[in-house]
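Q: would you be able to build a 3D model of this:
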Amino acid sequence: MNTKNVKELCKMHAEICTVFSNPTRLEILNLLREGEMSVTELIEKTRLSQANISQHLSIMKAKGIVASSRDGKNIYYKLTNPKIIKAFDIIRDVLAERLRENGKIIKNL
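A: Just a heads-up that it's a prediction; the model follows:
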């Protein structure tokens, strides 16, 4: 891979990682691991406002993490690639290991 391609890949990597930098977006990702959900379902499960959920979904859609479809008045979101959850889980595992190493107990992660 040439230097230009490596730089572009690093830029794309950093942009996608911004999704992982926000707890609300991580919560949404975790919910979407089971499959497609409507905005209404996400609002009910997170107990966040429609405006807040929509803002985060918009960011995630712009980064290519989620895709949307409309069915009547409902808008549904799903992950664009199941490997996103693998990345999510790997980061979570690394953090859990770090906490265990520091003598803290993690239950049910």
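
Q: from Lys45, how far off is Thr80?
A: Distance, Thr80 to Lys45, using CB to CB, to the nearest Å: 20 Å. The C-beta positions use only the backbone N, C-alpha and C, and glycine is treated the same way.

Q: now do Lys78
A: Lys78 is 15 Å from Lys45, by CB to CB.

Q: same check on Leu29?
A: Using CB to CB, Leu29 is found at 13 Å from Lys45.

Q: of these two, which one has the most company?
A: Leu29 (21 against 14; other CB atoms under 10 Å).

Q: give me the element the nearest residue to the more buried one once chain neighbours are set aside is part of.
A: Leaving aside its sequence neighbours, Leu29 sits nearest to Phe88 (CB to CB, 6 or more residues apart in numbering; 5.6 Å). Assessed by DSSP states H and E, Phe88 sits inside helix 83-101.

Q: so how far is that helix off the chain centroid?
A: Computed by CA atoms, centre = their mean, to the nearest Å, the separation of helix 83-101 from the middle of its chain amounts to 13 Å.
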